[in-house]
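**Student:** Coordinates for the following, if possible.
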Amino acid sequence: MKKIIDTKKAPSAIGPYSQGTVGSGLIFISGQLPIDPNTGEFVVGNIKEQTKQSLENLRQILNSQGSGLDKVLKTTVFLSDMNNFTDMNNMYKQAFGDGKYPARSAVEVARLPKDALVEIEAIALEY
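**Tutor:** Next comes the predicted model:
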């Protein structure tokens, strides 16, 4: 059975998709942009601030399901510019700081929604 995730602690979807779905013990989280859920606007700042907010949104969606970053199996990081990789990577490392990092892909794309610098999606264990 598929369950749709909808939490006010993360930004609402900006299109015809959900924040995430749950099924068969897994959580699939849609790409998280650096949107502050309180304002509906991008956080002010560079790739570091945008990465931090994207990961916080991901964390809030996981928390709404009783899960957490420690349960993430795989992430995909989309960057508007691969020159931002090092700064993104440093923020990512802080967020997943236990050294037991999930599998990850990081790719540069031509453009992200709303001209974001980063978008991060994840697959995690439900519990």
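
**Student:** which helix of the protein spans the most residues?
**Tutor:** Selection of the longest helix in the chain by residue count, based on DSSP state H, yields helix 47-64.

**Student:** who are the neighbours of it, in terms of helices and strands?
**Tutor:** Judged by 3 or more Cβ pairs under 8 Å, 6 or more residues apart in numbering; DSSP states H and E, helix 47-64 is in contact with strand 26-32, strand 35-36, helix 85-95, strand 118-125. Where you see a C-beta, it was placed from the backbone N, CA and C, and this is true even at glycine.

**Student:** Name the surrounding residues that touch stretch 57-67.
**Tutor:** Under the criterion Cβ atoms under 8 Å, 6 or more residues apart in numbering, residues 5, 7, 9-11, 19-20, 22, 27, 29, 32-35, 37, 68-69, 71-72, 95, 120, 122, 124-127 lie in contact with stretch 57-67.

**Student:** Figure out how far it is from the centre of its chain.
**Tutor:** Between the mean C-alpha location of stretch 57-67 and the chain-wide mean there is a distance of 10 Å, by Cα atoms, centre = their mean, to the nearest Å.

**Student:** Cool, thanks, talk later.
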